[in-house]
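Trainee: Provided below for reference: sequence and predicted model.
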Number of protein chains: 2
Amino acid sequence: MDTSDLLKQVAFIKEIDKLKYIQRRTKLFNSDRHENDAEHSWHLAMMAIVLSEHSNQPIDVLKVVKMVLIHDLVEIDAGDTFIYDTAKNHTNTDEERLAAQRIFGLLPEAQAQEFISIWEEFEEGQTDEAKFAKTMDRFEPLLQNTSNNGGTWAEFDVEYQTVYNKKKAIANGSASIWSYADRLLNESVEKGILRKASQ
Amino acid sequence: MDTSDLLKQVAFIKEIDKLKYIQRRTKLFNSDRHENDAEHSWHLAMMAIVLSEHSNQPIDVLKVVKMVLIHDLVEIDAGDTFIYDTAKNHTNTDEERLAAQRIFGLLPEAQAQEFISIWEEFEEGQTDEAKFAKTMDRFEPLLQNTSNNGGTWAEFDVEYQTVYNKKKAIANGSASIWSYADRLLNESVEKGILRKASQ
């Protein structure tokens, strides 16, 4: 065992504690309390494990779990980007790349490269694991919003088609979860907790 | 895909949101803010992934990650038990067994059995995966307390030998992490943030 590796790993473990302070727009289920990124990441990891059978393709579950556990760490430096924010590009900004270099760079070199690579794979969303990880990331806030009378959809007056356009990526990872999610969106419109522009 | 399975899994995913409300005695790093069980579970999963090379024995990392992600779910019903609480037995109380049956029982039958089995394996602490998972569970608050001027050791006046007796289980999962942790405990005594009874 290389003691200097352990010291680097401990420095990383301490640094990522800051994820617990990053507040998301979404709120806990049936709640008025905002969720933070660490709670969100834990929940996605649980979902990935519990729902893996619904993936369109066979997946390496450990890799998906790693992706969702680390996917928001760059927000320690770059801050949370709200999915319906039209002024800020969501994925892989220069700021986020620098954050990944700094934060994962606390780890021993080979491990840093592995994590950066997994984070980039998630961001690019092309592999089966990345698609399923993104399915989890889209599905959790959808469930939260439906349990919170529309949640962020209502709070920020986001229209059905905008939500649909973001959420349909769920189908890339799981047709069956998308079938269920699509139904929830329609039910949300019927209940009046998701506004549909008149046609 | 069985839709009824997905509905059961969604019910479980919503129920476990309650883990985010369960406050631990320990506090975040360099902080006065208490940690909750979901944040704690996320952090242990990250630690298990980052530190797996230090395990005494080869381990199935995904199994360890599952253990630490779910190990505190029973506290949704049974509440948090403080490790230095002398009035309450820590592991596997009847209350916790009932909680495991109820909470994991929300899942489809085969999955419920798998999770209950993993939880029991963690609690029993006999397999290589359970030993390493427990190493993570002991190591995180030790790091937190050393970063918080003694943290819960100081707050509840826990003496060095009591801490040592709880923490030495770290060695069961990783000799090298224990070597480092043991040094941190001695340094904590020297710094005066962990009281050692006069000999």
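Mentor: Alright, I've got the coordinates. It should be emphasised that the depicted structure is a prediction, and the values quoted were computed from it without experimental measurement.

Trainee: use CA for all of it now, contacts and neighbours both
Mentor: Fine.

Trainee: contacts only, for the residue in chain A positioned nearest to chain B.
Mentor: In chain A, no residue comes nearer to chain B than residue A:42, which is 4.9 Å away by C-alpha to the nearest C-alpha. Going by C-alpha atoms under 8 Å, 6 or more residues apart in numbering or on different chains, residue A:42 touches A:69, B:38-39, B:41-42, B:69.

Trainee: return the closest of those with respect to residue A:95.
Mentor: residue A:69 (19.7 Å; C-alpha to C-alpha).

Trainee: just the pLDDT at the residue of chain A closest to chain B, thanks.
Mentor: At residue A:42, the model reports a pLDDT of 98.

Trainee: do the one 4 residues further on as well
Mentor: On the pLDDT scale, residue A:46 is placed at 98.

Trainee: my guess is it contacts residue B:71, does it?
Mentor: No - if you go by C-alpha atoms under 8 Å, residue A:46 and residue B:71 don't touch, sitting 11.8 Å apart.

Trainee: still on that earlier bit, tell me which helix or strand comes right after whatever helix or strand the residue of chain A closest to chain B lives in.
Mentor: Taking DSSP states H and E as the criterion, residue A:42 maps to helix A:37-51. Using DSSP H and E, the helix or strand that follows helix A:37-51 in sequence is helix A:61-70.

Trainee: who are the packing partners of that next one?
Mentor: Contact partners of helix A:61-70 among helices and strands, from 3 or more C-alpha pairs under 8 Å, 6 or more residues apart in numbering or on different chains; DSSP states H and E: helix A:37-51, helix A:109-124, helix A:128-147, helix B:37-51, helix B:61-70.

Trainee: let's have these in TSV, adding distance to residue B:9.
Mentor: Converted to TSV, the helices and strands packed on helix A:61-70 look like this (distance: least, C-alpha to C-alpha, whole Å):
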stretch	distance to residue B:9
helix A:37-51	7
helix A:109-124	24
helix A:128-147	12
helix B:37-51	18
helix B:61-70	15
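
Trainee: mind checking which of these is nearest residue B:153?
Mentor: It is, among the helices and strands packed on helix A:61-70 and with distance given as C-alpha to C-alpha, helix B:37-51, at 18.1 Å.

Trainee: now the angle from the closest one to helix A:37-51?
Mentor: Counting by axes from the mean of the first three to the mean of the last three C-alpha atoms, to 10 degrees, helix B:37-51 lies at 80 degrees to helix A:37-51.

Trainee: may I have the distance across stretch A:142-152, first residue to last?
Mentor: 9 Å (C-alpha to C-alpha, to the nearest Å).

Trainee: no wait, stretch A:65-83
Mentor: In stretch A:65-83, first residue to last residue: 21 Å (C-alpha to C-alpha).

Trainee: got the buried residues for that stretch?
Mentor: A:65-80 (16 or more other C-alpha atoms under 10 Å in any protein chain shown).

Trainee: quick check: mean pLDDT of it?
Mentor: Per-residue pLDDT over stretch A:65-83 has a mean of 91.

Trainee: now for the helix or strand where residue A:97 lies, which elements pack on it?
Mentor: Using DSSP H and E, residue A:97 maps to helix A:94-104. Here helix A:94-104 touches helix A:3-15, helix A:75-78, helix A:109-124, going by 3+ C-alpha pairs under 8 Å, 6+ apart.

Trainee: let me have these in TSV, extended by distance to residue A:134.
Mentor: Shown next, in TSV, are the helices and strands packed on helix A:94-104 (distance: least, C-alpha to C-alpha, whole Å):
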stretch	distance to residue A:134
helix A:3-15	24
helix A:75-78	17
helix A:109-124	7
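
Trainee: rank these by pLDDT, which is bottom?
Mentor: helix A:75-78 (a mean of 93).

Trainee: now find how far off-centre that helix is within its chain.
Mentor: Its chain's C-alpha centre and that of helix A:75-78 lie 14 Å apart, by C-alpha atoms, centre = their mean, to the nearest Å.

Trainee: tell me, what residue is most central in chain A?
Mentor: Centrality entry for chain A: nearest residue to the mean C-alpha point is residue A:137, 3.5 Å, by C-alpha atoms, centre = their mean.

Trainee: excluding chain neighbours, what is closest to it?
Mentor: residue A:44 (6.6 Å; C-alpha to C-alpha, 6 or more residues apart in numbering or on different chains).

Trainee: right, and that neighbour touches residue A:138 too?
Mentor: No - applying C-alpha under 8 Å as the test, residue A:44 and residue A:138 come out as separate, 9.7 Å apart.

Trainee: of these two, which one has the most company?
Mentor: It is residue A:44, of residue A:44 and residue A:138, that has more neighbours when counted by other C-alpha atoms under 10 Å in any protein chain shown, with 26 against 19.

Trainee: need the contact list for the more buried one.
Mentor: Residues in contact with residue A:44 (C-alpha under 8 Å, 6+ apart) are A:65, A:68-69, A:136-137, A:140.

Trainee: so what touches the helix or strand hosting residue A:171?
Mentor: Using DSSP H and E, residue A:171 falls within helix A:170-173. For helix A:170-173, contacts defined as C-alpha under 8 Å, 6+ apart pick out A:55-57, A:128, A:131-136, A:138-139, A:177-179.
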